[in-house]
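Participant: can't give you the sequence, but here's the structure:
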């Protein structure tokens, strides 16, 4: 069982709420993320997922190789707003909960959303407060 699956339902609900609240506040205060070069962010996410996908089958989400890549993911996410630990975990949960986001991410690798959830959780617990 992965780290994320061991988290309590209350903690996961807290993470979903943090992501929703922080994203809404950011959208409202930045005129819908007008400061973000969205095409570049999407291209950088695409490059990130293409780099991560071939590593999924040979690495654990907590491995140094994967966690180094997760710093890149967090940097891209932070262009929109720098999420707190809970909101970052909530972002990974959003990828799993939203059918379109899940299909998009799993298009890179069939286990992308599951793996990314574990990797995000580990990164958040180790690097964010």
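Facilitator: Sure, I can see it. Only a predicted model underlies this, so the values are computations on that prediction, with no experimental measurement involved.
Participant: Low-confidence ranges, the chain, go.
Facilitator: 1 (pLDDT under 70).
Participant: which residues sit in contact with the spatially most central residue of the chain?
Facilitator: Against the mean C-alpha coordinate of the chain, by C-alpha atoms, centre = their mean, the closest residue is residue 92 at 4.2 Å. Residues in contact with residue 92 (C-beta atoms under 8 Å, 6 or more residues apart in numbering) are 4, 113, 116, 117, 120, 121. All C-beta atoms are positioned from the backbone trio N, CA, C, and that covers glycine.
Participant: distance of it from residue 40?
Facilitator: Note on residue 92: its distance to residue 40, by C-beta to C-beta, to the nearest Å, is 22 Å.
Participant: How about residue 82?
Facilitator: Taking C-beta to C-beta, one finds residue 82 at 17 Å from residue 40.
Participant: With neighbour numbers in mind, choose between the two.
Facilitator: residue 82 (14 against 11; other C-beta atoms under 10 Å).
Participant: Tell me the secondary structure at the more buried one.
Facilitator: Secondary structure assignment for residue 82 (DSSP: H, G, I helix; E, B strand; the rest coil): coil.
Participant: For the residue of the chain positioned farthest from its centre, give me phi and psi.
Facilitator: Using C-alpha atoms, centre = their mean, the residue of the chain lying farthest from its centre is residue 31. It sits 22.4 Å away. The phi/psi pair for residue 31 (degrees, to the nearest 10) reads phi 50, psi 60.
Participant: Relative to residue 39, how far out is it?
Facilitator: 17 Å.
Participant: repeat for residue 86
Facilitator: 29 Å.
Participant: More neighbours: which of those two?
Facilitator: Between residue 86 and residue 39, counting by other C-beta under 10 Å, residue 86 is the more crowded of the two (20 against 8).
Participant: Isn't residue 26 up against residue 33?
Facilitator: Yes: using C-beta atoms under 8 Å, residue 26 is in contact with residue 33, at 7.0 Å.
Participant: I'd like the next helix or strand past the lengthiest helix in the chain.
Facilitator: Counting by DSSP state H, the longest helix found in the chain is helix 9-29. Note on helix 9-29: by DSSP states H and E, the next helix or strand toward the C-terminus is helix 38-52.
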